[in-house]
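In: Sequence first, then the predicted structure, then my questions.
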Amino acid sequence: MSENLQRLFRERGPVKTIGVIGMGYVGIPAAVLFADAPEFDFVYGFQRDSKNSGYKIGMLNAGESPLKGEEPGLEDLIWKVVREQKFVCTADFSKIRECDAVTLAIQTPFADPKDLIPDFTPLTDGIRNVGHYLTPGTLVVLESTITPGTTMGMAREILEEESGLVAGVDFGLAHAPERVMVGRLLQNIREYDRIVGGIDDVCTTRAGELYGPILTKGELILMSATAAEVTKTAENTFRDLQIAAVNELALYCEAMGINVYDVRTGVASLKGEGVTRAILWPGAGVGGHCLTKDTYHLERGVQVVAAEPPDYPEGRESLFLLARGINDFMPSHMLKLTKDALARVGKDILGAKIAVLGWAFLNNSGDARNTPSEMYRDLCLGEGADVVVHDPYVLTYPGVPILQDADAVLDGADVVAILTGHSQYRELDPVRCCGMTGQAYPVVVDGRNIADPDAWIAAGFVYKGIGRGDKNGHPLV
Ligand SMILES: NC(=O)C1=CN([C@@H]2O[C@H](COP(=O)(O)OP(=O)(O)OC[C@H]3O[C@@H](n4cnc5c(N)ncnc54)[C@H](O)[C@@H]3O)[C@@H](O)[C@H]2O)C=CC1
Ligand SMILES: CC(=O)N[C@@H]1[C@@H](OP(=O)(O)OP(=O)(O)OC[C@H]2O[C@@H](n3ccc(=O)[nH]c3=O)[C@H](O)[C@@H]2O)O[C@H](C(=O)O)[C@@H](O)[C@@H]1O
């Protein structure tokens, strides 16, 4: 069967014209890197002319980047490939007929973060478009983060239905997940190893020929399409698991009256040939666009792909889902630390003013997607507290006033809760902060190991810190 496809690839020759669908954080850098590679002749950037994103077409064709934030080298590269007439952005999907390879980098959000069912509508719309214009001998690659089983399942079915062609016989199909981080898009695509997985070996090889030319330090790692889908979701599932492990350790250390950071230093010191303990950092919770969803993609994937449920300890919850539960528990633990500290000075959380320092989910970032700070704020509001939020990078957030004036947030606060490890919070002067609160014994709850316990206790705070069992029961000064 794949001999036919091999023949078609041979007749077509090496990939020369590429189509990238979805001009976003993933599609734009990929498209211009393909366009800049001497191995390829021309790249179409396909972008639907939608209300929200249609503006990107004009910007890109003028050599400008529509992406927010600093992306070193990206705008120069866009300008270069546009000037050299190696790249054009278009909403004319019929140009797919001219492409030897088409990649799809379309968003795959969750319809409702609570139900964690992915909304593949934009992606299936894109796949349908590709199928409509698909010609024999073309390679189709899904780059979006997808539930394992999607390439071999939904994507293949739609492409075959729309084109009347057969995957693996008339056209190639593969998955090559993205690992880029906003802020270093070009560097990540060039330097990270690239997972490439075809629905069969012929497709995997062809897909490797597509990505090889844009890698500098990165190596190709070839596997099956489903293994590539599992790799992408598992790499974030494992990071979430590592964080959950150290969060659980922090809770134990608090209960045992010891300092989790001493333990962390000790554990991390165990190094040697093949010996490592990838112990990460405990904190107030796990936010972001990746770790908060990819575990659920993996869990759903095993239901889709496995003919039989996996063999697993009877009645035991998935370790990966338990890890998600522990990480999502950390804002509740921050609430418990808050209430315990207030009780130490005869106060109740009802009516207390809580100053939340940090809304972004990541230190020194303005990205607040799925931020644990929101979980903590909601819990405090549910207890009748008055919550004010400070963040130096997040300027607005739907339904939540975010202040950039720390003094205004600290003024009269009963509690100072540090939810994000922004560097500037390390510079806070506890004595001045205590004065700003105007309280006899204000509370500080440190979710990111930012505050020096002794300094804040000496300044008159009731201190609580995640994992700081050695300090959390300190005598009042
Ligand atoms: N942004 C990131 O840092 C990373 C993203 N990813 C994954 O890559 C995928 C893409 O993510 P982003 O680039 O961030 O999304 P994005 O939202 O920035 O870009 C998607 C683009 O596709 C366009 N689009 C949507 N439906 C379309 C259609 N039917 N036809 C043509 N264009 C269409 C949108 O208008 C938008 O311009 C997602 O699955 C995401 O999970 C993976 C790793 C990192
Ligand atoms: C392409 C992609 O999906 N990249 C992922 C991305 O993860 P993300 O942007 O979500 O950042 P992250 O550093 O994992 O942090 C996620 C959340 O976890 C928390 N976090 C992170 C590390 C840690 O030791 N403890 C902890 O509590 C952070 O505060 C944050 O709320 O960036 C990670 C990275 O930068 O290392 C990378 O490992 C992930 O695979």
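Out: Perfect, I can see it now. Quantities reported herein were computed from a predicted structural model and do not represent experimental measurements. Ligands and ions are numbered 1, 2, ... in the order given.
In: quick one, strands of the protein?
Out: Assigned by DSSP state E, the strands in the chain fall at 17-21, 42-46, 87-90, 101-104, 139-142, 172-175, 194-198, 220-224, 353-357, 386-390, 402-403, 415-418, 443-446, 462-465.
In: Average the pLDDT values over the second one and round to the nearest integer.
Out: The one in question is strand 42-46. Throughout strand 42-46, pLDDT has a mean value of 98.
In: for the first one, same thing?
Out: Per-residue pLDDT values over strand 17-21 give a mean of 98.
In: what's around the closest residue to ligand 2 within the stretch 301-450 of the chain, how many residues?
Out: Closest contact between the stretch 301-450 of the chain and ligand 2, by Cβ to the nearest ligand atom, is at F361 (4.1 Å). C-betas here are computed from N, CA, C, even on glycine. Per other Cβ atoms under 10 Å, the neighbour tally for F361 reads 24.
In: Mean neighbour count and distance to ligand 2 added to the strands of the chain, as a markdown table?
Out: Listed next are these as a markdown table, based on neighbours: other Cβ atoms under 10 Å; distance: least, Cβ to the nearest ligand atom, whole Å:
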| stretch | mean neighbour count | distance to ligand 2 |
| --- | --- | --- |
| strand 17-21 | 26 | 18 |
| strand 42-46 | 24 | 21 |
| strand 87-90 | 21 | 24 |
| strand 101-104 | 27 | 16 |
| strand 139-142 | 28 | 16 |
| strand 172-175 | 29 | 15 |
| strand 194-198 | 26 | 11 |
| strand 220-224 | 17 | 15 |
| strand 353-357 | 26 | 14 |
| strand 386-390 | 20 | 16 |
| strand 402-403 | 18 | 17 |
| strand 415-418 | 28 | 12 |
| strand 443-446 | 30 | 13 |
| strand 462-465 | 28 | 14 |
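In: need the ones you listed in TSV with distance to G183, can you?
Out: Listed next are the strands of the chain as TSV, based on distance: least, Cβ to Cβ, whole Å:
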stretch	distance to G183
strand 17-21	21
strand 42-46	21
strand 87-90	22
strand 101-104	22
strand 139-142	24
strand 172-175	25
strand 194-198	19
strand 220-224	24
strand 353-357	23
strand 386-390	23
strand 402-403	21
strand 415-418	23
strand 443-446	26
strand 462-465	29
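In: which one of those strands lies closest to L60?
Out: strand 87-90 (3.9 Å; Cβ to Cβ).
In: So, low pLDDT: which residues of the stretch 301-450 of the chain?
Out: For the stretch 301-450 of the chain, no stretch has pLDDT under 70.
In: So which bits of the stretch 51-200 of the chain are right by ligand 1?
Out: 53, 56, 105-108, 122, 125-126, 144-145, 178, 180-182 (Cβ under 6 Å from any ligand atom).
In: Identify, from these, the entry nearest to G301.
Out: G301 lies nearest to T145 out of those, by Cβ to Cβ, at 11.2 Å.
In: which residue ends up closest to the midpoint of the protein in space?
Out: For the chain, the residue nearest the mean C-alpha position is C290 (2.7 Å; Cα atoms, centre = their mean).
In: any idea how far D240 is from that one?
Out: Counting by Cβ to Cβ, to the nearest Å, the gap from C290 to D240 is 9 Å.
In: Over to P313?
Out: 20 Å.
In: Neighbour count: the two, which is higher?
Out: Neighbour totals were compared for P313 and D240, and D240 leads with 23 against 7 (other Cβ under 10 Å).
In: and the more buried one, what does it touch?
Out: Neighbouring residues of D240 by Cβ atoms under 8 Å, 6 or more residues apart in numbering: V286, L291, D294, T295, F320, A323, R324, N327.
In: so what's the residue nearest to the second one when sequence neighbours are not counted scoring on pLDDT?
Out: In other words, L291. In space, and not counting its chain neighbours, L291 is closest to D240: 4.5 Å by Cβ to Cβ, 6 or more residues apart in numbering. D240 is assigned a pLDDT of 98 by the prediction.
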